[in-house]
Every structure is written in C-alpha cells, then in structure tokens.
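**Q** Just to be clear, the model below is a prediction. Sequence and coordinates:
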Amino acid sequence: MKISNKIAALATGITVAISASAAFAGEALDRVMEDNVLKVATSASWAPQSFLNENNEMDGFDVDIAREIAKRLGVEIEFVTPAWDIITAGNWNGRWDLSVGSMTPTTARTEVLAFPAVYYYTPAAIAVHKDSSATQPSDLDGKTVGTCTGCTFELYLQHDLTIDAEGVPAFNYEVTPGEVKTYQGPQPIFDDLRLGNGTRLDGLLESLPAILGAIENGYPLKVIGKPVFYEPLALAIDRGDQEFNDKLAAIVADMREDGTLTTLSEKWYGIDLTVTE
C-alpha cells in the first residue's frame with residue numbers, strides 16, 4: 001500500500017488510460033495466453049492479504065483474488081515475490097504479468113504502471129498496546145507512532161495525504177505524532193509495539209485487517225477510535241497493453257457483479273471491504 005503524494009482519481013472497476021510505448025507493449029495478454037500461465041507478483045509475508053500457510057503454500061485474500069482471475073482467463077497461475085519497490089518501479093520486462101498486492105493507485109505510479117480496477121477498500125486504523133490508556137487517536141498527539149515507510153499511512157501521519165478516488169469518504173487528521181517511526185512492512189511494527197506501551201512505540205497506524213490479524217494471533221494490541229481513512233486498492237500491470245488492461249477490468253467487474261469479491265472479502269476479513277461505509 002505504498003504511495004507518493006496523490007492517489008489517482010479512479011472509480012471502482014474503471015480503467016486508467018495507459019501508453020502503448022512501454023516494453024512488451026501490447027504483448028502481455030498474448031504472452032499470458034500463449035504460455036498458459038499468469039505470473040502474479042505479491043507478498044509472501046503480509047497476512048491476511050498474502051502469506052505462506054502451514055503447508056508452505058501461498059494463501060490469503062489477494063492470493064484468492066489472483067487465482068480467480070487466472071481461472072477466468074483459463075490459465076494456470078504462478079506466484080513471484082519480488083520486493084515492493086521493484087514491483088512499484090514498473091518496467092517489469094515480462095518478469096511477471098500482474099500485481100495483486102493491495103496497491104494504491106497514485107498519480108506517481110500511473111507514470112510507470114496501469115491500474116485496471118480497484119477491487120476493495122481497506123480502512124486505516126490506530127492501534128495501541130492493550131495496557132495503554134489511550135482511547136482515541138488524539139491521545140497519541142506528541143507521541144511516537146509506528147507505520148510503514150513511504151506509504152499512505154506515513155503520509156497521513158505527516159498530514160500530507162490526498163485521496164481523491166471516487167467513492168472514498170473524506171477524512172480529517174485526527175492525530176499529530178511527536179515522532180513517526182517507519183518500518184519495512186507491518187510485522188516489525190507489531191513486534192515493537194508488543195514489547196510494551198511506550199517501550200519503543202506508543203501506537204501504530206496500519207490497515208485494520210492487518211491489525212485484527214495480529215490481535216487474533218496473540219499480539220497484545222487494541223484498536224482505538226474509528227478508521228481514520230479508507231484506501232482504494234487496485235490491480236496493477238505494466239503500462240503498454242490496453243487489451244490486457246480491459247480484460248482484467250472486465251473480470252473484476254464480473255467478480256463484483258456476481259458477488260465473488262464480497263464472498264472473498266468476508267472469508268478473509270469477516271466484513272465486506274469492497275464498499276466503503
């Protein structure tokens with residue numbers, strides 16, 4: 001969910017205009033169909049979106065979304081797990097075909113990637129150690145708050161976040177940290193906060209599903225207040241193949257229409273994150 005300053009104005013299921021000048025221009029869909037394999041880039045350590053389960057197999061919400069897309073394309077699926085900054089840099093040169101990694105469509109990213117469709121929205125929430133007396137985000141004003149490096153959450157804590165995607169509720173800055181401590185991924189944030197209230201962190205800002213997953217796994221955390229904003233998350237592909245872009249957009253639209261997106265969201269999160277409320 002890492003971003004630059006602005007999120008592209010992007011409606012659910014609406015395609016982004018893309019250039020045909022990139023490497024493998026116009027060839028992505030042909031390559032997938034000829035090879036009979038959809039290569040999907042995602043994370044192997046970001047439960048419940050994508051992770052290795054006890055059988056050492058890829059699992060999670062994003063993984064199920066990717067598998068359903070491959071099924072509807074009529075091809076096999078192969079997962080790869082490159083670093084996030086490599087995925088978001090674009091110019092994949094055919095190393096993989098599609099990113100299903102809960103990526104926020106941003107203005108900067110549209111320079112190197114195309115976003116065929118938003119497939120869900122995730123609420124961003126504040127959590128503290130269970131021993132904390134904080135009951136609302138503003139109780140962390142002047143405190144040390146952990147979050148991911150270069151992501152929407154960091155921009156929110158810096159009061160420098162703009163979200164203009166269609167259907168996303170407006171938001172206010174409800175906390176002004178004294179220090180924003182950043183990490184590569186959510187796991188080390190949870191690990192630092194579990195050490196105790198104020199030991200390394202006074203609180204954290206992460207996706208609500210990730211926080212609830214950590215709590216379910218025994219982390220001594222609690223969510224305070226309501227979600228501070230909702231983040232649109234989209235499929236991403238390398239620029240250059242409008243046919244592939246449109247095909248993926250149509251598949252996601254069908255998955256939304258027939259209830260598949262809702263079913264998978266409720267399976268992994270217990271709620272329907274394909275809409276905002």
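**A** Good, I have the coordinates. Residues are numbered from 1 along each chain as shown.

**Q** what ranges do the strands span in the stretch 1-150 of the chain?
**A** In the stretch 1-150 of the chain, the segments counted as strands under DSSP state E, counting those that start in this stretch are 6-7, 37-41, 45-46, 50-52, 58-59, 76-80, 98-103, 113-114, 118-129, 144-148.

**Q** Residues contacting the fourth one, please?
**A** So that's strand 50-52. Applying CB atoms under 8 Å, 6 or more residues apart in numbering, the external contacts of strand 50-52 come out as 42, 43, 44, 45, 58, 59, 60, 61, 62, 63, 100, 101. All C-beta spots, glycine's among them, are computed from the backbone N, C-alpha and C.

**Q** What strands flank it, and is each parallel or antiparallel?
**A** Strand pairing for strand 50-52, determined by DSSP bridges: strand 45-46 (antiparallel), strand 58-59 (antiparallel).

**Q** which of those sits most buried?
**A** Neighbour counts (mean count of other CB atoms under 10 Å) averaged over each of the strands paired with strand 50-52 peak at strand 58-59, with a mean of 20.

**Q** average model confidence for that strand?
**A** Averaged across strand 58-59, the pLDDT comes to 98.

**Q** in what helix or strand does residue 153 lie?
**A** helix 152-157 (DSSP states H and E).

**Q** And the helix or strand following that helix, what does it pack against?
**A** Remark: after helix 152-157, the chain's next helix or strand is strand 162-163, criterion DSSP H and E. Judged by 3 or more CB pairs under 8 Å, 6 or more residues apart in numbering; DSSP states H and E, the packing partners of strand 162-163 are strand 6-7, strand 221-238.

**Q** for residue 244, what are its contacts?
**A** Residue 244 neighbours (CB under 8 Å, 6+ apart): 28, 29, 32, 97, 116, 237.
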